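>>> Generate a structure from the sequence data that follows.
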Amino acid sequence: TAPTTRSLRGRLSGDRGRVLLAAALTGLGLGTLFTFVVPYALALGARRVSGFFLGYTAAAIVVRVGFGSLADRHGRARVSLAGLLAYAAAVAGAAWLTPVALPLVGVALGLTHGVTYPSLNALAVAGVSPTESGSTMTYYFGAYSLGRSLSVAALGLFAGTAGYPATFLVAGAVLSAGALVLLPLARAEWRAARALGDAKRPCPAA
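Model (predicted):
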């Protein structure tokens, strides 16, 4: 049991723990909008809510097809950090939802989720040995699912008392603050990229 405990502690701490927390926040963001946008839109007088899901699906497909290599080109940690901050803005922006803007909220969610989720996924398995890749992905999916479940359990009670706009603002603030856990990884990645660029730069002629 001791090796198992040490292994679990290693996966939940340090850089891996940071990625798992970010994955949980991604699940929280998606769950918040998927759970509360539709009832809020209906309360505002919307007659159709399909635009939200169509906007989300279309934007997610465009990102996956057209920008699938974004994290590889610009750095997994840096793209994950930027994506999660944009995710926070999309969630908080739902506080100003109108029935007409419902498809736009779906597009914003599709764009930010389409960037953040796969870049975090790639970051989670970066440097992991082939024998640990399966268990690492299990932890990653588990953290994401936990965050999505918490969005329903915890924020559902909050929405019942504070209302939907406050719920979106609080969830967005949580995502924005939580995204900072990726800042050390993004900085390390930037320094490594800068050092590599300096190494490739030709030396001036003597």
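
>>> helices or strands up against the helix or strand containing residue 178?
Taking DSSP states H and E as the definition, residue 178 sits inside helix 164-178. With contacts taken as 3 or more CB pairs under 8 Å, 6 or more residues apart in numbering; DSSP states H and E, helix 164-178 sits against helix 14-43, helix 76-93, helix 130-162. Any C-beta I mention is one placed from the backbone N, CA and C, and that applies to glycine too.

>>> And for stretch 21-31, what's in contact with it?
80, 84, 87-88, 90-91, 109, 112-113, 116-117, 120, 124, 140, 143-152, 171, 174-175, 178-179, 181-182 (CB atoms under 8 Å, 6 or more residues apart in numbering).

>>> so how far is that stretch from its chain's centroid?
Chain-centre distance of stretch 21-31: 6 Å, with CA atoms, centre = their mean, to the nearest Å.

>>> do stretch 95-105 as well
Relative to the centre of its chain, stretch 95-105 is centred 21 Å away, using CA atoms, centre = their mean.

>>> ok, now stretch 116-129?
Remark: stretch 116-129 is offset 12 Å from the chain centroid, using CA atoms, centre = their mean.

>>> in it, what's buried?
Buried residues in stretch 116-129, counted by 16 or more other CB atoms under 10 Å: 116, 117, 118, 119, 120, 121, 123, 124, 125, 126.

>>> I'd like to know which of these is nearest to residue 68.
Residue 68 has its nearest neighbour among these in residue 118, at 7.3 Å by CB to CB.

>>> Show me the shaky parts of the chain.
For the chain, residues meeting the criterion pLDDT under 70 lie at 1-13, 196-206.

>>> Could you check how many residues crowd around residue 69?
8 (other CB atoms under 10 Å).

>>> Please report the distance of the residue positioned nearest the centre of the chain from residue 68.
Centrality entry for the chain: nearest residue to the mean C-alpha point is residue 26, 3.5 Å, by CA atoms, centre = their mean. Computed as CB to CB, to the nearest Å, the residue 26 to residue 68 distance reads 17 Å.

>>> again, but for residue 40
32 Å.

>>> what's the answer for residue 151, then?
From residue 151 over to residue 68 (counting by CB to CB), the distance is 26 Å.

>>> swap in residue 19?
Distance from residue 19 to residue 68, counting by CB to CB: 19 Å.

>>> neighbour count winner among the two?
The residue with more neighbours, out of residue 19 and residue 68, is residue 19; 27 against 12, by other CB under 10 Å.
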